[in-house]
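**Student:** My questions are about this predicted structure, shown below with the sequence.
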Amino acid sequence: MATLSTKPNRQPTSPIRLPAIDHQRGQEASHSHSHSVEHLWKQNLDRIHDARPSFCRYSVAFSPPLALVDRESTPSTRSPLRLPSANNNMALRPPSKNTIRFRCFWKTTVIAEVLKNRGWTETESELDWDFFWSDVGWMYEFFDHIHLADHQRFNHFRNYYELTRKDLLIKNLKRMKKNLEREGQVVEAGKYNFFPQTYALPAEYGLFVEEFKRTSPNQNLTKLPKGSRSLQEVGVWIMKPVGKARGRGIFLFTRLNQISEWKKDHRWKVENPQVENYIVQRYIDNPYLIGGKKFDLRIYVVVLSYNPLKAYVYRSGFARFTIAHFTIKKEDIVNNLVHLTNFSIQKHAPTFKSKTGTKWSLHSLKMHMISKHGEQDVNGLFHNIHMLILRSLLAVQNVIIQDKHCFELYGYDILVDDSLKPWLLEVNASPSLAADTPVDHELKYGMLDDVLTLVDMEHKLPNQSFNQVGGFDLLIDQSAPPGSKPPQASHLIGCYNDRLKNLKQLKKASQNAG
């Protein structure tokens, strides 16, 4: 069981770098970085034929499914953020072979339902649990004050924010690119081109102003040139607070004086510890449109270990659409209904309909794009999405603290532009687990049930690595022995999800192994 530690309370610290992979001290990179990512993944797009199974074949004629509705998950109850007492009558006992004791922060979401339906027993004990699906706040408050027993599992890594906080994500991607360049892997470094030009504010405000003036058609630009109606003619930037979600605090601008009032805020000083940090990015003003509307993709990824790196990608996902048609005209720069796909933004649209919502299944989206562009181009797009996810994980592998008790479910938000190039927008540490429609519930229930199968608290999986577990396909497994079967073709993302068939096969394999 978890026990209390006498360590003093401390805030999350800077990432710990292991000596064997300390690039700043000139030591050689880990073996996983000595080759291109494609070599690690053991796939080459030039040699990939359409390896999709027959059930993923498509028909040009199809009807879009009922659009889905997103809603932010809101827990009904929450344990107070207090340090657990050493005298709270913890049941100090080993895990039962028949019963898994779980604790769940998100009481009204799909994960709570999945945990109960697996036959596990819920507990409200602060520390006496086998499995805990928590929010990130508990991690901040308690994780450094307790020692977990060997069998206990928790759904966040200690410094998960290295991947999910917007400014730290960009910092780690830039550092990875520079390290590859320093090691002479120029080709691989050039493939870290899937994030927009970005500056962290206020720390890099001066650098941003220099770049803004350098790329502006008029270095003293305070208003759009006369006659200009399209923002593409002058360039658009987008501001995002690093610590907020659901589209809060995001705005677009084309002129420095549009952020001057924001910058005058007395809190906005580099030396002020209370300053709200932002990132500013060059806005992607040529998104791929369907029906004239902008969308982004939500893809689920599970990381079971960072050292060695082992991760899976879920086949099913969805695209989030805007209500309004996309336009880049100057009068629409302040209209978030045009530019932001977040449900919390779109639900306020006058024409929003809760029954139809703003989502479309990833499978239907992929089939639609294949009907327009052909299998080769669309499979190339999903291969690039696959590699984007993998490269982002490799970029933080050496800074995220490995802990055998931890795993993490991430929600990747990816934008596709009109040239079929994917862009990483952000990675969510706590993707919404609420469901409002049967389709949404089915997707998230199956996905979460497969997450628990991967974590394998019941020890039902044979002691080997699987290329598929339920609806999850293996992304990378650095612990796999030499000669192991390589992961599935990357364009299985968005294909038909045969999770039930696979689970039956795994059950049979487990019985034969037993």
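**Tutor:** Everything's here; your move.

**Student:** And the nearest residue to residue 435 once chain neighbours are set aside, its phi and psi?
**Tutor:** With CB to CB, 6 or more residues apart in numbering as the criterion, residue 435 has its nearest non-adjacent residue at 3.8 Å, and that residue is residue 441. All C-beta spots, glycine's among them, are computed from the backbone N, C-alpha and C. Backbone geometry at residue 441, expressed as degrees, to the nearest 10, gives phi -60, psi -40.

**Student:** where along the stretch 101-250 of the chain do the strands fall?
**Tutor:** Using DSSP state E, counting those that start in this stretch, the strands found in the stretch 101-250 of the chain span residues 101-104, 121-122, 131-133, 146-147, 153-154, 198-201, 237-241.

**Student:** Direction included, what does the first one pair against?
**Tutor:** Same thing as strand 101-104. Paired strands of strand 101-104, with direction, are strand 121-122 (parallel), strand 131-133 (parallel) (DSSP bridges).

**Student:** Could you list the low-pLDDT ranges of the stretch 201-350 of the chain?
**Tutor:** Residue ranges of the stretch 201-350 of the chain with pLDDT under 70: 217-234, 246-247, 260-275, 336-337, 342-350.

**Student:** on that earlier part again, would you turn the strands of the stretch 101-250 of the chain into a markdown table with distance to residue 252 and mean neighbour count?
**Tutor:** What follows is the strands of the stretch 101-250 of the chain, written out as a markdown table (distance: least, CB to CB, whole Å; neighbours: other CB atoms under 10 Å):
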| stretch | distance to residue 252 | mean neighbour count |
| --- | --- | --- |
| strand 101-104 | 38 | 22 |
| strand 121-122 | 45 | 14 |
| strand 131-133 | 36 | 23 |
| strand 146-147 | 44 | 15 |
| strand 153-154 | 38 | 21 |
| strand 198-201 | 15 | 22 |
| strand 237-241 | 5 | 20 |
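
**Student:** ok, back up a step: Serialize the strands paired with strand 101-104 to JSON lines and add fields for distance to residue 469 and mean pLDDT.
**Tutor:** As requested, the strands paired with strand 101-104 are exported to JSON lines (distance: least, CB to CB, whole Å; pLDDT from 0 to 100):
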{"stretch": "strand 121-122", "distance to residue 469": "24", "mean pLDDT": "94"}
{"stretch": "strand 131-133", "distance to residue 469": "17", "mean pLDDT": "95"}
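
**Student:** okay if I get those as CSV plus distance to residue 104?
**Tutor:** Output for those, formatted as CSV (distance: least, CB to CB, whole Å):
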stretch, distance to residue 104
strand 121-122, 7
strand 131-133, 5
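
**Student:** mind checking which of these is nearest residue 382?
**Tutor:** Distance to residue 382, taken as CB to CB, is lowest for strand 131-133 among the strands paired with strand 101-104, at 29.3 Å.

**Student:** Scan the chain for its longest helix.
**Tutor:** Longest helix in the chain, counting residues (DSSP state H): helix 375-396.

**Student:** Reformat the strands of the stretch 101-250 of the chain as CSV; add distance to residue 387.
**Tutor:** Below are those laid out as CSV (distance: least, CB to CB, whole Å):
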stretch, distance to residue 387
strand 101-104, 34
strand 121-122, 40
strand 131-133, 30
strand 146-147, 37
strand 153-154, 29
strand 198-201, 20
strand 237-241, 24
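
**Student:** so which of those comes closest to residue 395?
**Tutor:** Closest among those, using CB to CB: strand 198-201, at 13.8 Å.

**Student:** contacting residues for residue 408?
**Tutor:** Contact partners of residue 408, counting by CB atoms under 8 Å, 6 or more residues apart in numbering, are 155, 156, 157, 160, 302, 303, 429.

**Student:** Not counting its neighbours along the chain, what's nearest the second one?
**Tutor:** Closest residue in space to residue 156, ignoring its immediate chain neighbours: residue 139 at 5.1 Å, by CB to CB, 6+ apart.

**Student:** Touching, that neighbour and residue 161? I think so.
**Tutor:** No: with contacts counted by CB atoms under 8 Å, residue 139 stays clear of residue 161, the gap being 9.4 Å.

**Student:** Now do the buried residues in the longest helix of the chain.
**Tutor:** Neighbour-count burial for helix 375-396, with 16 or more other CB atoms under 10 Å as criterion, is recorded at 375, 378-396.

**Student:** so where does residue 500 fall, helix or strand?
**Tutor:** helix 499-513 (DSSP states H and E).

**Student:** what's the single longest strand in this protein?
**Tutor:** Longest strand in the chain by number of residues, with DSSP state E as the criterion: strand 295-306.

**Student:** thought residue 434 was touching residue 112?
**Tutor:** No: counting by CB under 8 Å, residue 434 stays clear of residue 112, with 10.7 Å between them.

**Student:** any low-confidence regions in the stretch 351-500 of the chain?
**Tutor:** Using pLDDT under 70, the flagged stretches of the stretch 351-500 of the chain are 351-357, 486, 488-490.

**Student:** for it, what spans make up the strands?
**Tutor:** In the stretch 351-500 of the chain, the segments counted as strands under DSSP E, counting those that start in this stretch are 359-361, 408-416, 422-428, 468-469, 472-477.

**Student:** Switch those over to JSON lines; also include distance to residue 252.
**Tutor:** As requested, the strands of the stretch 351-500 of the chain are arranged in JSON lines below (distance: least, CB to CB, whole Å):
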{"stretch": "strand 359-361", "distance to residue 252": "23"}
{"stretch": "strand 408-416", "distance to residue 252": "14"}
{"stretch": "strand 422-428", "distance to residue 252": "14"}
{"stretch": "strand 468-469", "distance to residue 252": "41"}
{"stretch": "strand 472-477", "distance to residue 252": "33"}
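
**Student:** To residue 297, which of the ones you listed lies closest?
**Tutor:** strand 408-416 (4.5 Å).

**Student:** Also compute the angle for that closest one relative to strand 295-306, please.
**Tutor:** If you take axes from the mean of the first three to the mean of the last three CA atoms, to 10 degrees, strand 408-416 sits at 150 degrees to strand 295-306.

**Student:** List the neighbouring strands of strand 408-416 plus their orientation.
**Tutor:** For strand 408-416, sheet partners with direction are given as strand 295-306 (antiparallel), strand 422-428 (antiparallel), following DSSP bridges.
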